[in-house]
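In: coordinates only, sequence not included:
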């Protein structure tokens, strides 16, 4: 199997979206979507090595202008502006959806764990530093924009960071920020397509999807998974940014609840299964860990709009219908389903774990019986319930011990 280093990606916030009026609607918008989708899909097709290094380059290019903007803004910062709040006019639906979207999908790396070099060490480090970098990439520009520019809330719309950059550094910094925003979106596209396509491949290798989804290109990438992911991008491109965020969040919420259930169930049902990376807590800790994000998920679902809920509901129904249909096709041999021989046998590992537990339990019971029998036999000896005696043919250990002590004393 091809191994790759891990690259963590982050999402641009809404205020950092690019604004190009010529591509805002009509045929130019459609053409731009198709061209960019084809270009980025081809990069994913060429392999994770290219995607990884491209993501590194895009990440550095995307962060640099905000670092420059922060340095330029230092003389103009007024920290008192950071504490100004107007909670009564907050659009909580948009706020929570955007915040949730900006900080989710950390679980996506699980679909690439088999492609990562030394995941036991790489994943914890990547997630640790990734959380820090992502948090700083949001907090630092917001502190710069709100602290160095007079606070006018109505101006903070999509793409306003480019206006902040122009006010602080001039037109050159504005263009750099806009280019960084576009690059950041492309990097997110690459990372998302990689994780989605490998998830489809993994499901096919587990026999959950038809075998043809497990087909890899000559570069080791899941060909059909990439094409399906690209098709989804094109089909959802008619929605606005806010609607896409809300729809993605709602579907992600249902997906996360299923992941939490599967996570706990797999821990309980297959405790000995081979895992590239295992969260170092027990079953109870796993359940408690899932409680806070589940509460946040419920809040996001409750605040979703009717349009977004309708689109998400239709997609969920399609998913529920597909499962029995795929099972029927498997039974009738309409499509071929198979489990990859390279994957560990969860049932075999579970049986081996159960056998080990049974042997350990039997050994423990025998040990306890031995500890209990000793005082019981001594009691029977003292009460003359059973007769105990030492053979005269055996040496008297007590006599030998006394003679040894006397010799030492002399």
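Out: Everything's here; your move. Being a predicted model, the structure only gives us computed values, none of them experimental.
In: Beyond the one helix or strand residue 224 maps to, next helix or strand please.
Out: Per DSSP states H and E, residue 224 falls inside helix 223-235. Toward the C-terminus, helix 223-235 is succeeded by helix 241-269 as the next helix or strand (DSSP H and E).
In: so where do the helices sit in the chain?
Out: Taking DSSP state H as the test, the helices found in the chain are 26-45, 48-73, 92-102, 119-148, 160-169, 171-205, 223-235, 241-269, 283-302, 306-331, 346-382, 397-409.
In: which parts of the helix holding residue 224 are buried?
Out: Of the residues in helix 223-235, 223-226, 229-230, 233 count as buried by neighbour count, 16 or more other CB atoms under 10 Å. Bear in mind the C-beta positions are built from the backbone N, C-alpha and C, glycine included.
In: now do stretch 157-164
Out: 158-164.
In: Please parse this structure into its domains.
Out: Residue ranges for the domains of the chain, per automatic domain parsing: 14-344, 347-409.
In: Which residues does stretch 331-345 contact?
Out: With contacts defined as CB atoms under 8 Å, 6 or more residues apart in numbering, stretch 331-345 is touched by 1, 205-212, 214, 273-274, 326, 328-330.
In: ditto for stretch 253-262
Out: Contact partners of stretch 253-262, identified using CB under 8 Å, 6+ apart, comprise 104, 107, 290, 293-294, 297, 300-301, 312, 316.
In: leaving aside the residues next to it on the chain, what's closest to residue 308?
Out: residue 246 (4.2 Å; CB to CB, 6 or more residues apart in numbering).
In: Hmm, residue 305 and that neighbour touching each other?
Out: Yes. Contact criterion CB atoms under 8 Å: residue 246 and residue 305 qualify, at 6.3 Å.
In: Spit out the residues that contact the two alike.
Out: Shared contacts of residue 246 and residue 305, counting by CB under 8 Å, 6+ apart, come down to residue 93.
In: The two: who's more crowded?
Out: A direct count of neighbours by other CB atoms under 10 Å for residue 246 and residue 305 places residue 246 higher, at 28 against 16.
In: Please tell me how far the more buried one sits from residue 369.
Out: 63 Å (CB to CB, to the nearest Å).
In: What of residue 82?
Out: 69 Å.
In: Stretch 117-126: which residues count as buried?
Out: 119, 122-123, 126.
In: Pick the one among these closest to residue 60.
Out: Checking the buried residues of stretch 117-126 against residue 60 by CB to CB gives residue 126 as the nearest, at 16.2 Å.
In: Do I have it right that that closest one meets residue 109?
Out: Yes. Residue 126 is within contact range of residue 109, at 7.3 Å (criterion: CB under 8 Å).
In: pLDDT weak spots in this protein?
Out: For the chain, the stretches with pLDDT under 70 are 1-26, 239, 241, 276-277, 344-361, 363-364, 396-398, 400, 405, 410.
In: Centroid-nearest residue for it?
Out: Against the mean C-alpha coordinate of the chain, by CA atoms, centre = their mean, the closest residue is residue 107 at 1.0 Å.
In: which non-adjacent residue is nearest that one?
Out: residue 259 (6.3 Å).
In: how much space between residue 199 and residue 404?
Out: For residue 199, the distance to residue 404 - CB to CB - is 74 Å.
In: Kindly report the same for residue 170.
Out: 98 Å.
In: what does residue 243 give?
Out: Residue 243 is 92 Å from residue 404, where distance means CB to CB.
In: same thing with residue 305?
Out: 92 Å.
In: Next, the contact list for residue 195, please.
Out: Residue 195 sits next to 105, 108-109, 111-112 when contact means CB under 8 Å, 6+ apart.
In: Please render the residues you listed as CSV that adds neighbour count to the earlier fields.
Out: Output for the contacts of residue 195, formatted as CSV (neighbours: other CB atoms under 10 Å):
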residue, neighbour count
105, 18
108, 17
109, 23
111, 19
112, 24
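In: Inside strands: which ones of those residues?
Out: Using DSSP state E, no member of those falls in strands.
In: Can you tell me which of those residues is closest to residue 151?
Out: Residue 151 lies nearest to residue 105 out of those, by CB to CB, at 31.1 Å.
In: Was I right to think the closest one contacts residue 252?
Out: Yes. Here residue 105 reaches residue 252: they are 7.3 Å apart, a contact under CB under 8 Å.
In: circling back to that earlier point, out of the contacts of stretch 253-262, which end up buried?
Out: 104, 290, 297, 300, 312.
In: and which of those is nearest residue 87?
Out: residue 300 (18.8 Å).
In: so who does the closest one touch?
Out: So residue 300 contacts 96-97, 100, 249-250, 253 (CB under 8 Å, 6+ apart).
In: Next, format these as a markdown table and append distance to residue 154 and neighbour count.
Out: Below are those laid out as a markdown table (distance: CB to CB, whole Å; neighbours: other CB atoms under 10 Å):
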| residue | distance to residue 154 | neighbour count |
| --- | --- | --- |
| 96 | 20 | 19 |
| 97 | 20 | 25 |
| 100 | 24 | 21 |
| 249 | 25 | 23 |
| 250 | 28 | 24 |
| 253 | 30 | 22 |
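In: Make JSON lines out of those residues and add distance to residue 73.
Out: Listed next are the contacts of residue 300 as JSON lines, based on distance: CB to CB, whole Å:
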{"residue": "96", "distance to residue 73": "28"}
{"residue": "97", "distance to residue 73": "28"}
{"residue": "100", "distance to residue 73": "28"}
{"residue": "249", "distance to residue 73": "32"}
{"residue": "250", "distance to residue 73": "37"}
{"residue": "253", "distance to residue 73": "36"}
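In: so which of the residues you listed would you say is closest to residue 33?
Out: Scanning the contacts of residue 300 for proximity to residue 33, where the rule is CB to CB, the winner is residue 249, at 21.2 Å.
In: Might one say that the closest one is in contact with residue 99?
Out: No. Residue 249 is not in contact with residue 99 according to CB under 8 Å; the separation is 9.8 Å.
In: returning to what we had before: looking at residue 199 and residue 404, which is more packed in?
Out: The neighbour count for residue 199 versus residue 404, taken as other CB under 10 Å, is higher for residue 199 (18 against 10).
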